[in-house]
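>>> Sequence and predicted structure, then a few things I'm wondering about:
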Amino acid sequence: MLNRKKVIYVPSLRMKKGELEGLFWLRDDVADCIIPLLIVPPAKERSSSSQESLFAADKSIPDVGGVLSKYWVRRQVFVDPRVLFKEYGADKAVNWLPQLFNRALNLGVHAIPCAGLATLETMGVAAFKAAISGRDGLKFCLSIQLGDMADLNIGTRVQDVLQGLGLKPSECAVIADFTDSDLSEPSVVAPIIRGALEQLQGFGQWQMIVFLGTNYPEKNPAKPGQTFTCARNEWHAWTQAVRFDPSTAQQMVFGDFAADSAKIDFKAGRAQPIRHSRYTTTAHWLVVRGEAEGSDYEVMKDVFERIVTSEGFAGAGFSNADAYIYDVARNNSPKAGNATTWRQVNTAHHITQVVADIATVRNIPISKIPTAPAGVQQDLLGV
């Protein structure tokens, strides 16, 4: 049975193991409020040491369903296969793309195809049409870049693509993609976002209209031992654009790239990951970077202690990620994880924070996690 609740948030993720573990860590009442947008990684990333436990090497196409069935079963998820067209051939996609989505559905993963308008116009719609499932009311996710919104013929282009897919707007989510936009001044970009969302409303009754963007920097802004505060301008711009309050239309949905930049970079990870945490508050990210010297445990214990003592710390009961942070900082837990764990913590806390911020306005109840005796929290979290 599909777990369904009012969708209020779409985080875009790169299917890194830490991100998937972060999704798995979410409490049910938080997970019920989101539909993640997962970008399938290319072959080089899928075969990297950090990802090889996810993707089996003996599959003819990436076993997205097999991966997600371990982390996100009986839930909806948007899947963007953009990088696979170069690997397996866009001209042959009608043969392999439906297999990817059918496999996921058969494993209980409600995978919904997601593609850009320009991609569909270039390669045609046949492969995606064959990949659409008739099981759910939400069948497709169409992404439109801001630059295309300025085209006087954009309405006709959208109509033609939907007609080719055999879909109505009411069966689709549409994304207003502000990935490449400068969000440094929310008050400046908010009217542009508002105009784009209103323009999309004029094209039909979409199930949801998603704004997607981020102000998170591409490079780590903190120096060793430093805490850097970065404004969540995508959040500020969206709330201004939709005039966010209890009366805001339900189909207006916020989206970002979780605790990461919008740069889709699947290069192999650095030999020595930067030891830091990206902690989301209602208005900012705290980028807390560890010292250059010391063991991972010593450095990350200090990082998490600095988060716990900051004004923005949400409390150990806010999420599993916050419980982990507190356990390392204060309960003398024997380990502080690795780069995958730190990404897991970043992802789980960020998603919980965004859902909580929106749920407060939408009057959706979100629970706290139960407390655990000092020193046993990590055992309960399974890390």
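That came through, no problem.

>>> What are the boundaries of the strands in the stretch 251-383 of the chain?
Under the criterion DSSP state E, counting those that start in this stretch, the stretch 251-383 of the chain carries strands at the ranges 252-256, 276-280, 284-289.

>>> what's next to the second one, contact-wise?
Which is strand 276-280. Here strand 276-280 makes contact (C-beta atoms under 8 Å, 6 or more residues apart in numbering) with 216, 220, 222, 232, 259-260, 285-290, 300, 303-304, 307, 310, 312-313, 325, 342, 345-346, 349-350, 353-354. Bear in mind the C-beta positions are built from the backbone N, C-alpha and C, glycine included.

>>> With adjacent residues omitted, what lies nearest to Lys86?
Pro42 (7.9 Å; C-beta to C-beta, 6 or more residues apart in numbering).

>>> Would you confirm that that neighbour contacts Tyr88?
No: assessed by C-beta atoms under 8 Å, Pro42 is found out of contact with Tyr88, at 11.0 Å.

>>> quick one: the biggest helix by length in the chain to strand 276-280, angle?
The longest helix of the chain (DSSP state H) is helix 339-362. Going by axes from the mean of the first three to the mean of the last three C-alpha atoms, to 10 degrees, helix 339-362 is angled at 10 degrees with respect to strand 276-280.

>>> does the closest residue to Arg46 other than its chain neighbours count as helix, strand or coil?
Leaving aside its sequence neighbours, Arg46 sits nearest to Phe55 (C-beta to C-beta, 6+ apart; 4.2 Å). Here Phe55 is recorded as coil under DSSP: H, G, I helix; E, B strand; the rest coil.

>>> Could I get the contacting residues of Phe55?
Taking C-beta under 8 Å, 6+ apart as the test, what Phe55 contacts is Arg46, Ser47, Pro62, Asp63, Val67.

>>> ok, now Ser69?
Contacts of Ser69 (C-beta under 8 Å, 6+ apart): Ala104, Leu107, Gly108, Val109.

>>> Can you pick out the most distant pair from those?
Between any two of the contacts of Ser69, the greatest separation by C-beta to C-beta is 8.5 Å, found for Ala104 and Gly108.

>>> okay, the two: which has more neighbours?
A direct count of neighbours by other C-beta atoms under 10 Å for Ala104 and Gly108 places Ala104 higher, at 26 against 15.

>>> Run through the helices of the stretch 201-350 of the chain in chain order.
Along the stretch 201-350 of the chain, counting by DSSP state H, counting those that start in this stretch, helices occupy 233-241, 296-308, 320-330, 339-362.

>>> Tell me how far the residue nearest to Lys86 lies from Glu21.
Counting by C-beta to C-beta, to the nearest Å, the separation of Pro42 from Glu21 is 21 Å.

>>> residues near Leu331, how many?
Careful, residue 331 is Asn; it's not Leu. 17.

>>> I should have written Glu234 there, sorry.
With other C-beta under 10 Å as criterion, Glu234 counts 25.

>>> got the contact list for the residue lying closest to it once chain neighbours are set aside?
Using C-beta to C-beta, 6+ apart and skipping the chain neighbours, the partner closest in space to Glu234 is Gly213 (4.5 Å). Residues in contact with Gly213 (C-beta under 8 Å, 6+ apart) are Asp177, Phe178, Thr179, Ser181, Leu183, Glu234, Ala237, Trp238, Gly255, Asp256, Ala262.

>>> Nearest to Ile8 among the contacts of Phe55?
The closest of the contacts of Phe55, once distances to Ile8 are taken by C-beta to C-beta, is Val67, at 25.2 Å.

>>> Tell me how far the helix or strand hosting the closest one lies from the chain's centre.
Val67 belongs to helix 64-68 when assigned by DSSP states H and E. On the basis of C-alpha atoms, centre = their mean, to the nearest Å, helix 64-68 sits 16 Å off its chain's mean C-alpha point.

>>> Does anything pack onto the helix or strand just after it? Which helices or strands?
Toward the C-terminus, helix 64-68 is succeeded by strand 76-80 as the next helix or strand (DSSP H and E). Judged by 3 or more C-beta pairs under 8 Å, 6 or more residues apart in numbering; DSSP states H and E, strand 76-80 is in contact with strand 37-39, helix 93-106, strand 110-116.

>>> Figure out which of these is closest to Ala31.
Closest among the helices and strands packed on strand 76-80, using C-beta to C-beta: strand 110-116, at 12.8 Å.

>>> Buried residues, that closest one. List them.
His110, Ala111, Ile112, Pro113, Cys114, Ala115, Gly116 (16 or more other C-beta atoms under 10 Å).
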